[in-house]
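>>> need coordinates for the following:
(chains A and B)
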Amino acid sequence: MTIQRLEINVAVEFTPTPGPRKRVEGEFSGEDFLAKLLRPRFVAAVQAGAPLRVNLDGAAGYPTSFLEEAFGGLAREFSSEKVAGIIEILCNDEPYLAEDIYKFIREAKTVK
Amino acid sequence: MKWLFGGLLLVIGALAVRLLWVAWGIPYSNQVDIGNCLNAAATAFVALLVGYLYAERASSRRANTDLLLECAREVKAAITALHQAALPCHRGKKLSPLERITLTTAERELSNAVHSFEHATACCKMRSNPFQLDKLKDARATLKDTLTDTPFPGPYDNSACSRINSAFKSVRDELTRITFDVNRR
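As a prediction, the model looks like this:
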């Protein structure tokens, strides 16, 4: 049986109140999210040859620093093209968020 | 502008009638027959029809403009709310968890208000990017970055506070420009 799609629900599996960029800056950071959820699930998706849908609905807004550290960090590690090809963003709460995240993935070569 | 267009239509119509009159060699006479009455009735009908169609178009355009201005007012209200939520950034201390959530929620409201405005322009069946909306979207993205990128959640130093003020001004200026463009269309 092949896996059709992997999914992360940030509000349910991580936190409904995403925090800053780094762990030292506060809890529920982008660095934490990348290490605990996004990277392992992304690797699993790559191995399964399936897309990874990241559901951002249900949280109380996403700081730029959180998103850039998580998605930009993933793209810096695995390349922008690979990440853009695997990740699907779902965010009905804030439609522009998907555009913002794809921008972070595209521009991830510039290390912040 | 509308009156000028109406006047121009009237002049063109009168010239067209005069030319047809001359071309067809219709003779002048003091007698009024049934043909004259039918001509007058047809002319009046066409004039009324043109007037009705023009009024309907102008009315629909005005209604669309009013709806777009209403959406622009919502964007302005969201900017004001975000400005209130961003006031603790100027305190020189780290934001509390409640202040962080208030800030990101207010930023989301602005993002969605701009998105609604973009959707409204699409509903008006306007050409793509009618008011250079990309400039407002870029200004909104820059404002979000200044508020919630590093050094979020603070403390924000003087240069970060200055960037926040400048980003707010850019968003307001873009919204003002678009509001005037909407009203002028």
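>>> tell me which parts of chain B are close to chain A?
Within chain B, the residues that sit near chain A (C-beta under 8 Å from any C-beta of the partner chain) are B:97, B:100-101, B:103-105, B:107-108, B:111-112, B:114-115, B:137, B:140-141, B:144-145, B:147-150, B:152-153. The way it works is simple: take the backbone N, C-alpha and C, and place the C-beta from them, glycine included.
>>> sec struct for the residue of chain A found nearest chain B, please.
In chain A, the residue that lies nearest chain B is A:Gly61 (2.9 Å; C-beta to the nearest C-beta). Under DSSP: H, G, I helix; E, B strand; the rest coil, the three-state class of A:Gly61 is coil.
>>> how close does the spatially closest residue to it that is not a sequence neighbour get to A:Gln47?
Nearest residue to A:Gly61 in three dimensions, chain neighbours excluded: B:Thr104, at 2.9 Å (C-beta to C-beta, 6 or more residues apart in numbering or on different chains). Distance from B:Thr104 to A:Gln47, counting by C-beta to C-beta, to the nearest Å: 34 Å.
>>> and these two? Which one has more around it.
Per other C-beta atoms under 10 Å in any protein chain shown, whichever of B:Thr104 and A:Gln47 has more neighbours is B:Thr104, with 25 against 9.
>>> wait, isn't the residue of chain A closest to chain B in contact with B:Leu110?
No: between A:Gly61 and B:Leu110 there is no contact under C-beta atoms under 8 Å: 10.5 Å.
>>> give me the mean pLDDT for stretch B:134-141.
Average pLDDT, stretch B:134-141: 94.
>>> so how far is it off the chain centroid?
16 Å (C-alpha atoms, centre = their mean, to the nearest Å).
>>> correct me if wrong: B:Gly154 contacts B:His90.
No: using C-beta under 8 Å as the test, B:Gly154 is too far from B:His90 to be in contact (9.8 Å).
>>> if you count what's nearby, which of these two comes out ahead?
The neighbour comparison of B:Gly154 against B:His90 (other C-beta under 10 Å) goes to B:Gly154, with 21 against 14.
>>> before we move on, what SS does that one have?
Applying three-state DSSP: B:Gly154 is coil.
>>> which residue, other than its chain neighbours, is closest to it?
Nearest one to B:Gly154, counting by C-beta to C-beta, 6+ apart, is B:Lys94 at 4.5 Å.
>>> how many residues are close by the one you found?
17.
>>> ok, B:Leu69 next?
Neighbours around B:Leu69, by other C-beta under 10 Å: 12.
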